[in-house]
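*Asks:* My questions concern the predicted model and sequence given below.
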Amino acid sequence: MSEAPQWEREAVERYLRSVLGTDVRVVDLRRLGEPEEGKGFGYGIPIRVDYERALGRRESAVLHTMGPGSFGHEHMSDRARILLWSHQAFNRLPRHVRSLDVGGFHSNGDLISLGQVEELCLLTEYAEGQPYALDLERLRDTGRLTDLDAIRADALCDYLAEIHADRGAQSGNDPRLYIRRNRELVGDGECIMGLADSYPPHALFSPRVLEHIELRAVNWRWRLKNRTHRLRTVHGDFHPWNILFAAEADFRVLDRSRGEYGDPADDVTCITLNYVFFSLQRTGKLEGAFESLFLRFWERYLEKTGDREILEVAAPYFVFRALVLASPVWYPSLEDSARKKLLAFILAVLEQPSFDPHQVNSYCGT
């Protein structure tokens, strides 16, 4: 690749000028190195950039890129994370080649410098509305189910059925994304193992209990691994504080997390376990208004989607969400009686071949 398209050469020249703060002329662009013998995989193609500064002083640099692939590199954000880390870490180790900058490609082909960035931020629009959690707190305190409560639960159920109908076409229906999502469910810092590590010393959640939960979760990861046909678009963090109702059944959602694609069980277990959570706070079991909403949601979702297989894969997703709700870190004021029932629920569903929505109280030991 001793020759490169003119637009690419000009883009690299503009980028180097912004990084080096001086006039630059690119002399040559070429691939670096050949694949190592016997090595069938690589993360990117380094490009050697030969350039001249003012007064004809010639220098060289290497432009590194990363392509999508397995090993946690499927998303642009994965690759950005690695490159941002490399820019700082290279320069903190003696004798390591120095990083001059970390940049990004604009849609028009230009390169943009990010080298001075220490932290990133996200700017979003503002949405009016009240968190759905306020509805559940009202039900917890009054026990009075209204027509609007049923309408809103139906709207949330129908929304999930709609987004879960998308089999991830934009992802190329890549089965690796399903495998990755289940791997992260067990091992990611925000999921089961990360939550276990975050638990302070607690009489109910001893290290031995948390170890048992982790080990059973690993068993479930392998049980789910080949069900890649279940890959769907998901929200990924569909809990009542991430849902804003403006009026009646009109709502917006916030803060989708952990990737665009996964198993529909992630979303359905997340929202429905909160009906259990608030009911445990009210009476110590799933009953009344919350039982009505819980069963209504599950029955409606199963009818609309026909996805009864979800009952066979729900367990580890329920475990993840229950570990959040039982956490002394996230919910320090929760009564230990409720934590005890959430723990019983976790241990019970891990042992069930299929989740039964009508057996929640049995799972909770009530």
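*Replies:* Happy to help now that I have it. Residues are numbered from 1 along each chain as shown.
*Asks:* make it CA atoms for all contacts and neighbour counts henceforth
*Replies:* Noted.
*Asks:* need the contact list for Glu291.
*Replies:* 275-276, 279 (C-alpha atoms under 8 Å, 6 or more residues apart in numbering).
*Asks:* ok, it to Pro357 distance?
*Replies:* For Glu291, the distance to Pro357 equals 10 Å [C-alpha to C-alpha, to the nearest Å].
*Asks:* Now do the spatially most central residue of the chain, the pLDDT please.
*Replies:* Nearest residue to the geometric centre of the chain (C-alpha atoms, centre = their mean): Arg258, 0.4 Å. Arg258 is assigned a pLDDT of 86 by the prediction.
*Asks:* excluding its backbone neighbours, what's nearest it?
*Replies:* Spatial nearest neighbour of Arg258, chain neighbours left out: Gly236 (6.1 Å); criterion: C-alpha to C-alpha, 6 or more residues apart in numbering.
*Asks:* Please name the residues that touch that neighbour.
*Replies:* Counting by C-alpha under 8 Å, 6+ apart, Gly236 has contacts 256-260, 262, 266-267.
*Asks:* Now the buried members of the residues you listed.
*Replies:* 258-260, 262, 266-267 (16 or more other C-alpha atoms under 10 Å).
*Asks:* Which one of the contacts of Gly236 is nearest to Arg92?
*Replies:* Arg258 (29.8 Å; C-alpha to C-alpha).
*Asks:* Report the separation between the closest one and Ser206.
*Replies:* 27 Å.
*Asks:* Then Val24?
*Replies:* Taking C-alpha to C-alpha as the measure, Val24 falls 62 Å from Ser206.
*Asks:* Give me the more crowded residue out of those two.
*Replies:* More neighbours surround Val24 than the other of Val24 and Ser206, with 21 against 14 (other C-alpha atoms under 10 Å).
*Asks:* Which parts of this protein are strands?
*Replies:* With DSSP state E as the criterion, the chain has strands at 24-31, 47-53, 58-63, 103-105, 111-113, 130-131, 232-233, 243-247, 250-253, 261-262.
*Asks:* hang on, the earlier thing: and of the contacts of Gly236, the nearest to Gly189?
*Replies:* Distance to Gly189 across the contacts of Gly236 (C-alpha to C-alpha) is lowest for Arg258, with 10.9 Å.
*Asks:* returning to what we had before: tell me which of the contacts of Gly236 fall in helices.
*Replies:* Of those, the ones assigned to helices by DSSP state H are 266-267.
*Asks:* Domain map for the chain?
*Replies:* 6-113, 130-363 (automatic domain parsing).
*Asks:* wait, what's in contact with Thr272?
*Replies:* 294, 297-298.
*Asks:* same thing but at 7 Å, please
*Replies:* Thr272 is in contact with Phe294, counting by C-alpha atoms under 7 Å, 6 or more residues apart in numbering.
*Asks:* how much space between it and Arg167?
*Replies:* In terms of C-alpha to C-alpha, Thr272 sits 22 Å off from Arg167.
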